[in-house]
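1. Generate a structure from the sequence data that follows.
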Amino acid sequence: FGQINTIVDENDLSGNGFYNVNVQVRLFNQLNATIPTSPANITVNYAVIAAGTTATPNVDFALASGTVTFTTGSSAISNIILQINDDIVDEADEDLVILLSNPTNANLRIDRSTFTATIVDDDPEPLLGFSSATFVGSESEALATMEVSLSALSEQTRTVDYTVTAQTATSGADYALANG
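-> Here you go, the predicted structure:
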């Protein structure tokens, strides 16, 4: 357990589905080698912990706390099913940390009792632009509103610089707007 894995937030056609990722829990012997079968009935609890987790439960991923059970003679490898939400929101990469605790008939390897998964966002950055390419107004209008919008949702801060270029209007006489 205790390793860092990268999970790509893969898109499906709907952009709304969850997909499953297997997170393996393994039994080790005293020499820290993986063993093929469980020597006894062994259980260990698991849960997502807040420390180090930046992903939002039930939004970015789904994983309820639970227990992994190894029965005597069964495979010494078991999977926890982690569901990753395939959203369509541009966002930063996010982490989640799963902690193993309270083993029965076994001891935890301290260096392998946590698992960090990074959900790598694969959604494209939204396009940014003026909502309208032109403005027509009379000289008596005090303000002109130039709205800038994004083509898609984004949880990241987006900024844009702009330059004012006079065409037939004169800066200071017909309009007052500085570059920004």
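2. the longest strand in this protein is where?
-> In the chain, taking DSSP state E as the definition, the longest strand is strand 94-104.
3. And the next helix or strand after that strand, how far out from the chain middle?
-> Next helix or strand after strand 94-104 toward the C-terminus (DSSP states H and E): strand 114-121. Counting by CA atoms, centre = their mean, to the nearest Å, strand 114-121 is centred 8 Å from the centre of its parent chain.
4. in the sheet, who's paired with the residue most central in space within the chain?
-> Against the mean C-alpha coordinate of the chain, by CA atoms, centre = their mean, the closest residue is Glu94 at 3.6 Å. Bridge pairing for Glu94 (DSSP bridges) gives the partners Ile119.
5. From Val59, how far out is it?
-> Here Glu94 is placed at a distance of 10 Å from Val59 (CB to CB, to the nearest Å). Every C-beta, even on glycine, is put in place using the N, C-alpha and C of the backbone.
6. Per-residue pLDDT of Thr6, please?
-> Reading off the confidence values, Thr6 has pLDDT 48.
7. circling back to that earlier point, for the longest strand of the chain, what is the distance to the chain centroid?
-> With CA atoms, centre = their mean, you get 18 Å for strand 94-104.
8. before we move on, back to that, correct me, but the residue nearest to the centre of the chain touches Asp60?
-> Yes - Glu94 lies in contact with Asp60 (CB atoms under 8 Å); the separation is 5.6 Å.
9. hey, what's in contact with both of these two?
-> Ile119 (CB atoms under 8 Å, 6 or more residues apart in numbering).
10. angle of the longest strand of the chain against strand 114-121?
-> Strand 94-104 runs at 160 degrees relative to strand 114-121, counting by axes from the mean of the first three to the mean of the last three CA atoms, to 10 degrees.
11. Show residues contacting strand 94-104.
-> Under CB under 8 Å, 6+ apart, the answer for strand 94-104 is 1, 23, 25, 41-49, 51-56, 60-61, 63, 68, 80, 82, 108, 112-119, 121.
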